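S.K.: Sequence first, then the predicted structure:
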Amino acid sequence: MASPPPSAAPARLVVLVSGSGTNLQALLDAIGDDPEGYGAQVVAVGADRHGTAGIERAERAGLPTFVCRVGDHATREDWDAALTGAVAEHRPDLVVSAGFMKIVGKEFLAAFGGRIVNTHPALLPSFPGAHGVRDALAYGVKVTGCTVHFVDDGVDTGPIIAQGVVEVTEEDTAEGEAALHERIKEVERKLLVEAVRRLARDGYRIEGRKVHLGHVGE
Ligand code: GAR
């Protein structure tokens, strides 16, 4: 699967968040007032809950926002269909799941498969799921990090785009998950900004588990 050839117009990003939205902010800061230079622009931000700092950041940036809550729908499939519709309205080239704590369903994958980028706070395939930082710390690893990857129908199992490594120190072991997560997020924000830049500007090809950046059409 390959992305369309990069065009002069910046790629359209819809970003999904559930929490503080610092990865979203890193994208907004990198794009600044030069979406052509970066190669992408955020066209909308969605969340799965009300009252997130991520949505506030989007509002401050003057971006359209939407909230799509599982609890407002009769079934998980209905929620997935509603989320798919809300995202599709903004005609994204890429959907960026930046701290979005929900697993998307079949309809979402059918609409945007191969174009959904997720960031995860561990070195996949180790420690997938909602508690990647806690699980790595509990396991006693000496290095952990973050993974930017395409989303498939598994939990954090899709093809890997980029990874960043963070050492686990004695202090992390004593202070726990939050301190380590903050150090991972410092690396993660830069990794995500660079990965999205390259996907959007240079194009990409997914062959099985391998993601090739650039060289589209070769
Ligand atoms: C990030 O560390 C991201 O990897 C993680 O949530 C954090 C969101 O931070 N996502 C997951 O754990 C998904 N399984 P942010 O809201 O400040 O961008």
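M.R.: On my side now, so go ahead.
S.K.: mind listing what residue 118 touches?
M.R.: For residue 118, the contact set (Cβ atoms under 8 Å, 6 or more residues apart in numbering) comprises 96, 97, 100, 148, 149, 150, 151, 156, 158. Backbone N, C-alpha and C define where each C-beta goes, glycine included.
S.K.: The last one and residue 151 touch, don't they?
M.R.: Yes: the pair residue 158 / residue 151 is scored as a contact, 5.0 Å apart, by Cβ atoms under 8 Å.
S.K.: By neighbour count, which of the contacts of residue 118 wins?
M.R.: residue 96 (28 neighbours; other Cβ atoms under 10 Å).
S.K.: So the residue lying closest to residue 108 once chain neighbours are set aside, which state does it fall into?
M.R.: Nearest residue to residue 108, sequence neighbours excluded (Cβ to Cβ, 6 or more residues apart in numbering): residue 84, at 4.8 Å. Secondary structure state of residue 84, per DSSP: H, G, I helix; E, B strand; the rest coil, is helix.
S.K.: For residue 77, see how far away residue 84 is.
M.R.: Distance of residue 84 to residue 77, computed by Cβ to Cβ, to the nearest Å: 10 Å.
S.K.: Ramachandran coordinates for residue 37?
M.R.: phi -70, psi -40 (degrees, to the nearest 10).
S.K.: So what's the residue count around it?
M.R.: Residues near residue 37, counting by other Cβ under 10 Å: 12.
S.K.: Quick check, pLDDT for it.
M.R.: On pLDDT, residue 37 comes in at 96.
S.K.: Also the one 4 residues further on?
M.R.: In the predicted model, residue 41 carries a pLDDT score of 98.
S.K.: same deal with residue 64?
M.R.: Confidence at residue 64, expressed as pLDDT, is 98.
S.K.: can you check the one 5 residues further on too?
M.R.: Here the pLDDT value assigned to residue 69 is 98.
S.K.: before we move on, the earlier item: could I get the contacts of residue 118 as CSV with pLDDT?
M.R.: Formatted as CSV, those follow (pLDDT from 0 to 100):
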residue, pLDDT
96, 99
97, 98
100, 98
148, 99
149, 98
150, 98
151, 98
156, 98
158, 98
